[in-house]
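Q: here are the coordinates; sequence isn't available:
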Ligand code: ADP
């Protein structure tokens, strides 16, 4: 029997998302999520897509990732899709930080685990959870190939002048302080899908990808290779996000420590959890912010304007970085679903060849599903909405690696 399925695992600090994909037709067989791991009332939701079954829910205590993954594998097992099924080719793990070491998806062995562990200081929130997901999955089926797919890989092509901060080289190198970038799986997938939408080879197309979710980042992709991105050493740099500030003068940190008497941990928490849209107006859901603006709420309006202003600055910057731009692609929760954000981000940029067709931008229903163009006919630069699919991309990269199916897609 040929093994043609891939299980994709995305392990966060208190959650595990999983999807089982059939690679012959890229279909989802099952999709699930375990949340609030370690709490008394953890929750598992499992949708058996293949059988068309109802979504199931289990609320009970899953003390740790191992318990959570065991429960997920029981749910899969119930439909004959368990971790020991011969059809399962591999497990693909999302790993947030691969530093400079991992320039491609990698089959996991002890050396790879050690390297992911070595990178914990630059990704203290993410890499430990990713590691736990991997070791737990290994324990559940020791013989199964496990592949790490890194958020940073797509950005390892950034030239040195984009990846380095202008600080003392020795200090930077001693502590691995440089710009790594994140959301790479999404940027890789969306830039390639955008080229497909234009009927072009990714190698011939320059794209600015705006990944606007709760976390948000933008990348400049030249001929299929990332040449700049807005996130840096950590996912804090760049755009205004749901709860993260994005770019600030680094002296804001010294000021808050020296003048406001805050500890470094308090400033860390402020900039990561109590800033961005939430810090500016109390809400981080773009739907709620738009509803408040419709009601004349000035605070929500200002938060929206600051959010948009930052996006526009990056679009301008990346037009200059790329020289020639063929397409701008919007993706993730806000990018895919918020016409007012797309409209405001590009308003008045006709001079750069950028414009949005209002009817296409605001279309609803079936016309607003899947990758689509929203720029006016004949526009110099295509503007696209391209739903991201990080799980499919991880599954592809994993499957390609374990089946030896040609060179890796983002090479
Ligand atoms: P994450 O970074 O957590 O993966 P997502 O890409 O799922 O985030 O984006 C989540 C965000 O998308 C929400 O916080 C919300 O602001 C926004 N969003 C989701 N649906 C809509 C919608 N229909 N209209 C506007 N914004 C939306």
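A: The structure has been received and is ready for your questions. Since we're looking at a predicted model, the values are computed, not measured. Residues are numbered from 1 along each chain as shown.

Q: Show me where the stretch 1-150 of the chain has its helices.
A: 65-77, 110-118, 127-140 (DSSP state H, counting those that start in this stretch).

Q: So which of the ones you listed is nearest the ligand?
A: helix 127-140 (14.8 Å; C-beta to the nearest ligand atom). The way it works is simple: take the backbone N, C-alpha and C, and place the C-beta from them, glycine included.

Q: what sits up against stretch 38-54?
A: Contacts with stretch 38-54, where a contact means C-beta atoms under 8 Å, 6 or more residues apart in numbering, come from 14, 22, 27-36, 55-64, 68, 71-72, 75-76, 78-79, 81.

Q: Now do the buried residues in stretch 378-398.
A: For stretch 378-398, the neighbour count (16 or more other C-beta atoms under 10 Å) marks 379, 381-398 as buried.

Q: Show me these that map onto strands.
A: Under the assignment DSSP state E, the buried residues of stretch 378-398 contribute 382-385 to strands.

Q: picking that back up, dump the helices of the stretch 1-150 of the chain into TSV; add mean neighbour count and distance to the ligand as well.
A: Shown next, in TSV, are the helices of the stretch 1-150 of the chain (neighbours: other C-beta atoms under 10 Å; distance: least, C-beta to the nearest ligand atom, whole Å):
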stretch	mean neighbour count	distance to the ligand
helix 65-77	20	19
helix 110-118	14	21
helix 127-140	20	15
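
Q: Also near the ligand: which of the buried residues of stretch 378-398, exactly?
A: Taking C-beta under 6 Å from any ligand atom as the test, the ligand is in contact with none of those.

Q: Contact partners for the residue lying closest to residue 179 once chain neighbours are set aside?
A: Excluding the flanking residues, the one nearest residue 179 by C-beta to C-beta, 6 or more residues apart in numbering is residue 232, at 4.2 Å. The contact partners of residue 232, taken as C-beta under 8 Å, 6+ apart, are 165, 178-181, 238.

Q: Okay, buried residues for stretch 162-170 please.
A: Quick answer for stretch 162-170 (16+ other C-beta under 10 Å): 162-163.

Q: who in this protein is up against the ligand?
A: 213-215, 242, 284-287, 332-334, 337-338.

Q: re the thing from before, can you put the helices of the stretch 1-150 of the chain in JSON lines and add mean pLDDT and distance to residue 197?
A: JSON lines is the format used below for the helices of the stretch 1-150 of the chain (pLDDT from 0 to 100; distance: least, C-beta to C-beta, whole Å):
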{"stretch": "helix 65-77", "mean pLDDT": "91", "distance to residue 197": "34"}
{"stretch": "helix 110-118", "mean pLDDT": "95", "distance to residue 197": "34"}
{"stretch": "helix 127-140", "mean pLDDT": "92", "distance to residue 197": "31"}
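
Q: wait, which of those helices is closest to residue 172?
A: Nearest to residue 172, of all these, is helix 110-118, at 17.2 Å by C-beta to C-beta.

Q: on that earlier part again, of the contacts of residue 232, just say which sits nearest to residue 204.
A: Distances from residue 204 to these, taken by C-beta to C-beta, are shortest for residue 181, at 22.9 Å.

Q: Is the closest one in a helix, a strand, or coil?
A: coil (DSSP: H, G, I helix; E, B strand; the rest coil).

Q: Now do the closest residue to it other than its chain neighbours, the pLDDT please.
A: Nearest non-adjacent residue to residue 181, counting by C-beta to C-beta, 6+ apart: residue 155, 3.2 Å away. With respect to pLDDT, residue 155 has a value of 98.

Q: tell me, how many neighbours does residue 155 end up with?
A: When neighbours are counted by other C-beta atoms under 10 Å, residue 155 registers 28.

Q: right, and it touches residue 229 too?
A: Yes: using C-beta atoms under 8 Å, residue 155 is in contact with residue 229, at 5.3 Å.

Q: what sits in contact with each of those two?
A: Counting by C-beta under 8 Å, 6+ apart, the residues touching both residue 155 and residue 229 are 179, 181-182, 184, 187, 219.

Q: what's near enough to touch residue 146?
A: Counted by C-beta under 8 Å, 6+ apart, residue 146 has contacts 90-91, 93, 107-108, 134, 137-138.

Q: between these, which is closest to residue 327?
A: Once C-beta to C-beta is applied, the member of the contacts of residue 146 that ends up nearest residue 327 is residue 93, at 30.5 Å.

Q: Dihedrals phi and psi, the residue nearest to residue 179?
A: phi -120, psi -120 (degrees, to the nearest 10).

Q: top helix in this protein by residue count?
A: Identified as the longest helix of the chain according to DSSP state H is helix 298-322.

Q: The helix or strand just after it - what's its average pLDDT?
A: Next helix or strand after helix 298-322 toward the C-terminus (DSSP states H and E): strand 327-331. On average, the pLDDT along strand 327-331 is 98.

Q: what inclination does strand 327-331 have with respect to helix 298-322?
A: 140 degrees (axes from the mean of the first three to the mean of the last three C-alpha atoms, to 10 degrees).

Q: How far off centre is stretch 48-58?
A: Here the centre of stretch 48-58 is set off from its chain's centre by 26 Å, with C-alpha atoms, centre = their mean, to the nearest Å.

Q: typo on my end, it should be stretch 303-319
A: 19 Å.

Q: What residues of that stretch count as buried?
A: 303-304, 307-308, 310-311, 314-315, 318-319.

Q: Now the residue of the chain found nearest the ligand. Nearest residue, chain neighbours left out?
A: Ranking the residues of the chain by distance to the ligand (C-beta to the nearest ligand atom) places residue 333 first, at 2.0 Å. Nearest residue to residue 333, sequence neighbours excluded (C-beta to C-beta, 6+ apart): residue 213, at 4.5 Å.

Q: For residue 235, see how far away that neighbour is.
A: 11 Å (C-beta to C-beta, to the nearest Å).

Q: which of those two has more neighbours?
A: For residue 213 versus residue 235, neighbours defined as other C-beta under 10 Å are more numerous around residue 235 (25 against 18).

Q: is it fair to say the more buried one lies in a strand?
A: No: assigned with three-state DSSP, residue 235 falls outside any strand and is coil.

Q: tell me the contacts of it?
A: Counting by C-beta under 8 Å, 6+ apart, residue 235 has contacts 182-183, 215, 217, 244.
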